[in-house]
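Enquirer: Fold the following for me, if possible:
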Amino acid sequence: MTESYPMQMKERELSLEDALEILEEGEFAVISTVDPDGTPYGVPVSYVMMDGRMYIHTGKRPGHKIDDFSHDSRVSVAVAGEIEPVYEETFFTTRFASVVAAGNIGKVEDPVLVRQALVALCMKYCPQYKHEIGGAIQREWDITDVWVVEFTEIRGKAGRRLKK
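Expert: Prediction:
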């Protein structure tokens, strides 16, 4: 891993605890990879956090994202939340909180953990259909993979964040 750059506007840097909270509460993430030729590729994904790790699901068929995961497991993850455009003190700005994290992604092989992650994803995005989760997982089991990001660095930043 390369050495971290110092945070510009240091006063906006968040604690690790606050950064993890943003990851927990985030709606979507962008996971960025690099192709074998060095071309960057970022893709938005739905995700769930469990035990400080980020879990996503994909299909089993090869594609750009999966090919990149297999080529180089290093990823960058970005999540933004608490976004509120405002007009403040004679200028336009945006309140926000964000996380940029680095880590390694790998396919989850343990079927129990795969099922736990899929249930957690369903409960995050569609809790009103919780009674349908088991059947949906069973129907999609053979065509779905779950991946986990193990973070090596998590950094949060907030601009003009309102106190909770």
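Enquirer: Just the strands from the chain, written as ranges.
Expert: Assigned by DSSP state E, the chain shows strands spanning 13-14, 29-34, 40-45, 48-50, 53-59, 74-88, 91-107, 144-159.
Enquirer: so what's the residue nearest the centre of the chain up against?
Expert: Nearest to the geometric centre of the chain sits residue 29, at 4.0 Å (C-alpha atoms, centre = their mean). By C-beta atoms under 8 Å, 6 or more residues apart in numbering, the residues touching residue 29 are 44-45, 47, 54, 56, 77-79. All C-beta atoms are positioned from the backbone trio N, CA, C, and that covers glycine.
Enquirer: which other helices and strands contact the helix or strand of the chain with the lowest mean pLDDT?
Expert: Least confident helix or strand, the chain: strand 13-14 with a mean of 78, by mean pLDDT, DSSP states H and E. With contacts taken as 3 or more C-beta pairs under 8 Å, 6 or more residues apart in numbering; DSSP states H and E, strand 13-14 sits against strand 144-159.
Enquirer: Which positions within the strand it packs on qualify as buried?
Expert: For strand 144-159, the neighbour count (16 or more other C-beta atoms under 10 Å) marks 145-149, 151, 154-158 as buried.
Enquirer: For burial, what's the neighbour tally of the residue nearest to residue 120 when sequence neighbours are not counted?
Expert: Distance criterion C-beta to C-beta, 6 or more residues apart in numbering; nearest residue to residue 120, sequence neighbours excluded, is residue 48 at 4.4 Å. Residues lying near residue 48 (other C-beta atoms under 10 Å) number 22.
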